[in-house]
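[1] Structure for the following, please:
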Amino acid sequence: MKKSICITALIAAAAVMAGCGGNKTEQTTAQTTAPAEAQTTTAAVTQETGTAAPAAATEAQTEDNSGKKAILTDTQGNVFYREDCTLGEWGQLTVPYTYMAVSGGMYHDSDTEPGLFVPDEFEYGGERASAGDLARLEAGTVIGGVTVKSAETGISSPWNDELGDADPNADEGFTLQHVSVDLDGEIKLTGVVRYYFDEMYAVSSGDIMFIPDNSYAGLPIPVDITGSDNNYGTVNFDEKGGFDPDEGYTDTTYGGGICVYSEAPLLHVGNLKDHYSDRSDLYDFFGGGNENFSARAEITLTDVHLAWNDNFGSAYACTGVIKEIKAI
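    The predicted structure is shown next:
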């Protein structure tokens with residue numbers, strides 16, 4: 001059945017990204033072809049507090065930026081300069097590096113700490129981690145034992161009424177459009193995987209989502225680097241809903257499964273019907289794929305793409321492809 005909400009198109013795009021590594025939400029920006037020399041960034045992680053210790057040098061200290069025009073500054077004083085940017089088709093600017101938070105591995109779930117969750121109200125009452133220091137990421141950076149394949153920061157130019165267009169040469173008014181990284185190779189994680197047979201608001205039948213647990217410690221988390229992120233981390237409940245042709249999307253109810261808070265992004269890892277139709281192992285894992293399913297799992301992912309954008313944050317922009325999965 002055809003959905004009538006615009007957000008569905010975004011979910012479909014995210015699923016396509018997970019299934020075939022195709023167009024990304026932020027690919028309206030021009031891709032740079034001459035990334036700066038890679039730097040290795042490491043971040044010591046404090047598991048007890050769920051916060052990341054200060055990352056290594058986040059910006060080249062010897063770089064001479066005198067005479068350049070500063071157009072954007074993040075919350076930790078990292079400056080983006082107009083002269084370092086590539087101009088896109090619609091006046092947006094991009095640079096081949098970005099900054100992200102580093103997960104400290106904070107994790108809570110309703111199996112071990114039921115008092116933190118009110119499932120029927122979809123409320124989480126426990127602590128949340130803070131984003132902490134940001135790490136600079138670019139092609140070749142190694143973080144959490146994983147190598148960054150590519151990175152990008154997109155900056156929106158302010159509108160100029162006289163030009164009737166965005167003005168990349170303006171003196172002020174630039175805003176963050178997106179941050180993104182693609183990680184190289186495979187990543188093995190544990191956490192909670194959910195399969196949705198029933199359609200819900202912003203969820204298509206066949207969608208698979210994965211919430212890593214504390215195994216994600218040391219890996220990057222995309223955030224709004226120019227402002228506070230009050231929703232840092234992922235709160236996720238076992239939700240069930242539906243679609244009625246006459247009523248639209250019906251009320252969401254609690255499905256009875258595990259509820260989690262994790263200092264990790266929610267990963268959209270494809271659609272069973274659209275992207276894994278030939279994967280009998282996945283159909284077996286999800287019980288045939290004919291009803292909603294939720295379980296703890298160990299999962300190996302490839303083509304991991306992490307992003308935040310100014311439309312929907314990171315909720316629909318972090319994707320991956322399932323290589324292997326097993327119950328734990």
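[2] List the contacts of stretch 74-94.
    Contacts to stretch 74-94, defined as Cβ atoms under 8 Å, 6 or more residues apart in numbering, come from residues 28-32, 58-59, 65, 68-73, 95, 99, 133-134, 136, 152-157, 165-169, 174, 177, 225-228. C-beta here means a position set from N, CA and C on the backbone, and glycine is covered the same way.
[3] Any idea how far apart the tips of that stretch sit?
    15 Å (Cα to Cα, to the nearest Å).
[4] ditto for stretch 75-93
    Start-to-end, stretch 75-93 (Cα to Cα) is 19 Å.
[5] Mind listing what's buried along it?
    75, 78, 80-82, 84-86, 88, 91-93 (16 or more other Cβ atoms under 10 Å).
[6] Repeat that for stretch 219-233.
    Applying 16+ other Cβ under 10 Å to stretch 219-233 flags 219-226, 229, 232-233 as buried.
[7] how about those, which pair is most distant?
    Maximum pairwise distance in the buried residues of stretch 219-233, criterion Cβ to Cβ, is 21.8 Å, between 219 and 226.
[8] So among the contacts of stretch 74-94, which ones count as buried?
    When those are checked against 16+ other Cβ under 10 Å, the ones flagged as buried are 29-30, 32, 58, 71-72, 95, 99, 133-134, 136, 152-157, 166-168, 174, 177, 225-226.
[9] pLDDT-wise, what's the bottom of the buried residues of stretch 219-233?
    By pLDDT, residue 229 ranks lowest within the buried residues of stretch 219-233, coming in at 71.
[10] Would you confirm that that residue contacts residue 221?
    No: if you go by Cβ atoms under 8 Å, residue 229 and residue 221 don't touch, sitting 9.2 Å apart.
[11] Need the residues touching each of the two.
    residue 131.
[12] quick one: contacts for residue 223?
    Counted by Cβ under 8 Å, 6+ apart, residue 223 has contacts 100-101, 131, 179, 229, 232, 308, 314.
[13] Would you format those residues as a markdown table with secondary structure and distance to residue 255 included?
    Formatted as a markdown table, the contacts of residue 223 follow (DSSP: H, G, I helix; E, B strand; the rest coil; distance: Cβ to Cβ, whole Å):
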| residue | secondary structure | distance to residue 255 |
| --- | --- | --- |
| 100 | strand | 32 |
| 101 | strand | 30 |
| 131 | coil | 30 |
| 179 | strand | 33 |
| 229 | coil | 28 |
| 232 | coil | 25 |
| 308 | strand | 28 |
| 314 | coil | 24 |
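[14] how about these, which pair is most distant?
    Longest span within the contacts of residue 223, Cβ to Cβ: 179 and 232, 14.3 Å.
[15] what kind of secondary structure is residue 283 in?
    helix (DSSP: H, G, I helix; E, B strand; the rest coil).
[16] Next, the contact list for it, please.
    Residues near residue 283 by Cβ under 8 Å, 6+ apart: 272, 276, 289.
[17] Any idea how many residues pack against the second one?
    This points to residue 276. 22 (other Cβ atoms under 10 Å).
[18] How much space separates it from residue 207?
    Using Cβ to Cβ, to the nearest Å, residue 276 is found at 11 Å from residue 207.
[19] Between these two, which contacts overlap?
    Joint contacts of residue 276 and residue 207 (Cβ under 8 Å, 6+ apart) are residue 270.
[20] related to what we said a few turns ago, of the contacts of residue 223, buried ones?
    Applying 16+ other Cβ under 10 Å to the contacts of residue 223 flags 100-101, 131, 179, 229, 232, 308, 314 as buried.
[21] Switch those residues over to TSV; also include distance to residue 257.
    Shown next, in TSV, are the buried ones among the contacts of residue 223 (distance: Cβ to Cβ, whole Å):
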residue	distance to residue 257
100	29
101	28
131	28
179	32
229	27
232	24
308	27
314	23
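[22] List just the nearest of those residues to residue 252.
    Distances from residue 252 to these, taken as Cβ to Cβ, are shortest for residue 314 (20.8 Å).
[23] give the contact list for residue 100.
    134-135, 137, 179, 181, 220-223, 225, 306.
[24] Now do the phi/psi pair for the residue lying farthest from the centre of the chain.
    The outermost residue of the chain, judged against the average C-alpha position, is residue 162 (36.6 Å), by Cα atoms, centre = their mean. The phi/psi pair for residue 162 (degrees, to the nearest 10) reads phi -70, psi -40.
[25] Out of the contacts of residue 283, which sit inside helices?
    The helices, defined by DSSP state H, take in residue 272 from those.
[26] Redo the contacts of residue 283 as a markdown table? Include pLDDT.
    A markdown table is the format used below for the contacts of residue 283 (pLDDT from 0 to 100):
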| residue | pLDDT |
| --- | --- |
| 272 | 98 |
| 276 | 98 |
| 289 | 96 |
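[27] how close does the nearest residue to residue 220 once chain neighbours are set aside sit to residue 190?
    Of all residues not flanking residue 220 in the chain, residue 100 sits nearest, at 4.0 Å (Cβ to Cβ, 6 or more residues apart in numbering). Distance, residue 100 to residue 190, by Cβ to Cβ: 21 Å.
[28] repeat for residue 226
    32 Å.
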